[in-house]
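>>> everything below, folded, please.
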Amino acid sequence: MENLICPGFMAAGVASGLKKSGGKDLAIIFSKIPAKAAGVFTSNKVKAAPVILDMERIQSGRCQAVIVNSGNANCCTGDKGLDDAKTMARYAASGLGISEDLVLVCSTGVIGEPLPIDKIQQAIPGLIDSLRPEGVYDLARAIMTTDTVPKTISRQGKIDGKTFTVIGVAKGSGMICPDMATMLCFICTDIDADHELLKNLLYNSTQRSFNRITIDGDTSTNDTVIIMANGLSSAVIKGVERIDYFQNLLDDVLIDLAKQIVRDGEGATKFIEIYVKGALSDNDAHKIANTVANSNLVKTALFGEDANWGRIIAAAGRADAPLEEGKINILFDDVLMVKNGMGCGKAVEAEATKVLMKPELRISIDLNMGKGCASVFTCDFSVEYVKINADYRS
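You can find the predicted model right below:
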């Protein structure tokens, strides 16, 4: 197990009785000193109570704790839901001895059911007592819903001879689609950076990671990415060179977590990169890659290991981006399936079928029109995905 300790941060995860399984379902992250903070939130017009609360509080640019529950989304719960989110923050703040305004709240789970706030209130003292520097793994397990594995990462960097740490935790397995991070993600670091810079860095990394993945085309109501930077390393992010250095490291962290989410997609058996190049712009390439990655027909063919390239070129053609059919090439890994918009024959299809038997592969679509390129990471649609979501609430 990787070292998930970041100086000045502690975490914990306990069972409060929200999950029918009896597993961990309540977690907290705590910084020993107030941290600079920034967040990115769901673009869904229906927003859960904790998202509404966090979007207001994050404007201060400061945060010292985040309390999170799984098993209940606290969404579409009216004024009571917002009161419950504030109550979670208030009880956590009281137990930690900090200002309530420095506590953010996140929830994930079933939409439309009242939050069992009494269970959470009763569990918070034990949760706080469980805080420890190595508690991040407990946090990662406590925020899981249909996830099969916890998703964590740790990286270190050095600026002006000062070593700093970045750790990340995410959850997500279903309701995953670009247009802001369809999941929960928490980043803790001991670098020193102001709020506006953190905000820009986090937005950029989110665009390159969580907004480049899709599992099922559904965007959640609770999606939240929060970064906290307590500055204890004394490594200061100032100047273009240092900013670029930290941006690259943060990109690496978020891209790794994004890929972990896709690999753990509900019922997924394959991890696929849809890579589009030769577009007139990067934006056009992304539109096409995203349309192909979200195609149910493409995803079911990938599950069935059917080299049905017709579904791919059809999906590309309905994207809101220019292309010319007679210029399109499609490859499965290194196997050229389509050249100038036409199939390359049955022998090649047999080779492509072998590629589809692999757990990870790349589908490349070359438009041969320009220099624009983009990748989207996705997975296949299996029978198990339907089973998981047919009776999710039960």
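>>> any stretches of this structure with poor pLDDT?
In the predicted model, the chain carries pLDDT under 70 at residues 1, 173-182, 215-220, 385-394.
>>> at 80 instead, please
Residue ranges of the chain with pLDDT under 80: 1-2, 146, 173-183, 214-221, 265-267, 382-394.
>>> what is the longest strand of it by residue count?
The single longest strand within the chain, with elements called by DSSP state E, is strand 26-41.
>>> that one packs against which elements?
Helices and strands touching strand 26-41, by 3 or more Cβ pairs under 8 Å, 6 or more residues apart in numbering; DSSP states H and E, are strand 9-14, helix 49-57, strand 62-70, helix 117-129, helix 136-142, strand 184-189, helix 195-208, strand 224-229. To be clear about C-beta, it is placed using only N, CA and C from the backbone, and glycine gets the same treatment.
>>> pull the CA atoms of the fifth one into CSV?
In this case it means helix 136-142. Coordinates of the C-alpha atoms in helix 136-142 are reproduced here as CSV (Å, rounded to 0.1, in the frame of the first residue of the first chain):
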residue,chain,number,x,y,z
VAL,A,136,-6.7,8.3,4.3
TYR,A,137,-7.3,4.7,3.3
ASP,A,138,-10.2,4.5,5.8
LEU,A,139,-11.6,7.7,4.2
ALA,A,140,-11.3,6.1,0.8
ARG,A,141,-13.3,3.1,1.8
ALA,A,142,-15.9,5.1,3.6
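>>> how far away from the center of its chain is it?
16 Å (Cα atoms, centre = their mean, to the nearest Å).
>>> ok, the last one next?
Relative to its chain's centre, strand 224-229 lies at 12 Å (Cα atoms, centre = their mean).
>>> same question for the first one.
Average the C-alpha atoms of strand 9-14, do the same for its chain, and the two points are 20 Å apart (Cα atoms, centre = their mean).
>>> just want the angle from that strand to strand 224-229.
140 degrees (axes from the mean of the first three to the mean of the last three Cα atoms, to 10 degrees).
>>> got a list of contacts for strand 9-14?
24, 26-32, 123, 126-128, 130-133, 135-136, 138-143, 167, 188, 190, 228, 230 (Cβ atoms under 8 Å, 6 or more residues apart in numbering).
>>> helix/strand/coil for C6?
Secondary structure for C6, judged by DSSP: H, G, I helix; E, B strand; the rest coil, is coil.
>>> gap between I98 and A229?
17 Å (Cβ to Cβ, to the nearest Å).
>>> now do L367
Distance of L367 to A229, given as Cβ to Cβ: 40 Å.
>>> ok, those two, which is more surrounded?
Between L367 and A229, counted using other Cβ atoms under 10 Å, the more crowded position is A229 (30 against 23).
>>> ok, now which ones touch the more buried one?
A229 neighbours (Cβ under 8 Å, 6+ apart): A35, K36, A37, T189, D190, I191, D192, A193, L198.
>>> what residues are up against the first one?
Right, A35. Going by Cβ under 8 Å, 6+ apart, A35 touches R62, C63, Q64, M228, A229, N230, G231.
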